[in-house]
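Peer 1: Sequence and predicted structure, then a few things I'm wondering about:
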Amino acid sequence: MKIGEAQKAYRQQLSLLRGEKRDFVKQREENRKKMEEARKKSEEQGVTFELSEAYLQREKELQEKIDELSGQIDKNEKTLDELIEQEVGIFNSVVAEQQGDAWKEYGEEMAKCLEIARRISRGDRVPAQDEKKLMDFNMDIYKMAKEMAAMNTEGEHKEWDSLWGEEEEKEYEDPFEASQNAETNVGMPEGMETAETEIPSE
């Protein structure tokens with residue numbers, strides 16, 4: 001199951017469980033209200049009030065159900081927290097990898113530009129696109145290399161091929177999509193169908 005799907009399933013299940021718990025808490029309050037009304041009524045009539053077995057049994061049943069639902073809610077909340085941690089971990093690793101690639105590319109670009117500057121300063125000829133790359137990278141270094149080239153007019157000068165070949169634009173996956181679509185070993189929440197069912201979109 002994908003992390004995004006699992007999170008959705010657990011959020012839906014939590015919503016149902018919390019709704020059920022609210023209903024049982026409401027029923028318990030109504031039961032207690034009825035007990036209090038019966039106690040007041042018996043006091044008004046001058047009769048000693050004894051809690052009826054039905055009220056006590058109902059109170060016990062409702063409290064057990066509330067406790068059971070509270071346990072299920074806690075369990076599902078912990079699982080949802082784990083899923084969020086997994087998602088954040090994957091998101092961060094994808095971002096870190098992309099940042100690492102960006103720094104690597106920047107380092108390679110810098111090395112090429114410095115090599116172009118060295119070639120120009122010796123009076124060698126480099127392709128126009130390489131000169132433009134150096135200008136875009138650092139205009140001051142470009143100007144300095146050109147000034148040195150003007151002083152290096154004597155001797156043999158080499159003609160260089162471009163340091164850049166066909167440049168492919170690297171495509172990166174969206175970190176959010178990657179973290180949502182990553183597989184998790186977390187199964188469906190208890191009470192939901194275990195069969196591979198399509199979770200309806202919100």
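Peer 2: Received the coordinates, thanks.

Peer 1: Same question for the helix or strand of the chain with the lowest mean pLDDT: list its buried residues.
Peer 2: Least confident helix or strand of the chain, by mean pLDDT, DSSP states H and E, is helix 175-181 with a mean of 86. By neighbour count on 16 or more other Cβ atoms under 10 Å, the buried set for helix 175-181 is 175, 178-180. The C-beta positions use only the backbone N, C-alpha and C, and glycine is treated the same way.

Peer 1: So Glu43 versus Glu36, what's the distance?
Peer 2: Here the criterion is Cβ to Cβ, to the nearest Å. By it, Glu43 lies 11 Å from Glu36.

Peer 1: Also Leu83?
Peer 2: Leu83 is 43 Å from Glu36, by Cβ to Cβ.

Peer 1: More neighbours: these two, which one.
Peer 2: Leu83 (22 against 10; other Cβ atoms under 10 Å).

Peer 1: Which secondary structure element is home to the more buried one?
Peer 2: Applying DSSP states H and E as the criterion places Leu83 in helix 53-121.

Peer 1: so how far is the very next helix or strand once past that helix from its chain's centroid?
Peer 2: Of the helices and strands lying after helix 53-121 in sequence (DSSP H and E), the nearest is helix 128-137. From the chain centre to the centre of helix 128-137 is a distance of 39 Å (Cα atoms, centre = their mean, to the nearest Å).

Peer 1: Can you check what angle separates helix 128-137 from helix 53-121?
Peer 2: 120 degrees (axes from the mean of the first three to the mean of the last three Cα atoms, to 10 degrees).

Peer 1: Now do the SS call for the residue of the chain most remote from its centre.
Peer 2: Here the chain reaches farthest from its C-alpha mean at Gly46, the gap being 65.3 Å by Cα atoms, centre = their mean. Under DSSP: H, G, I helix; E, B strand; the rest coil, the three-state class of Gly46 is coil.

Peer 1: if I look at Glu154, how far off is Glu147?
Peer 2: 16 Å.

Peer 1: pLDDT below threshold where in the protein?
Peer 2: 47-51, 166-169, 192-202 (pLDDT under 70).
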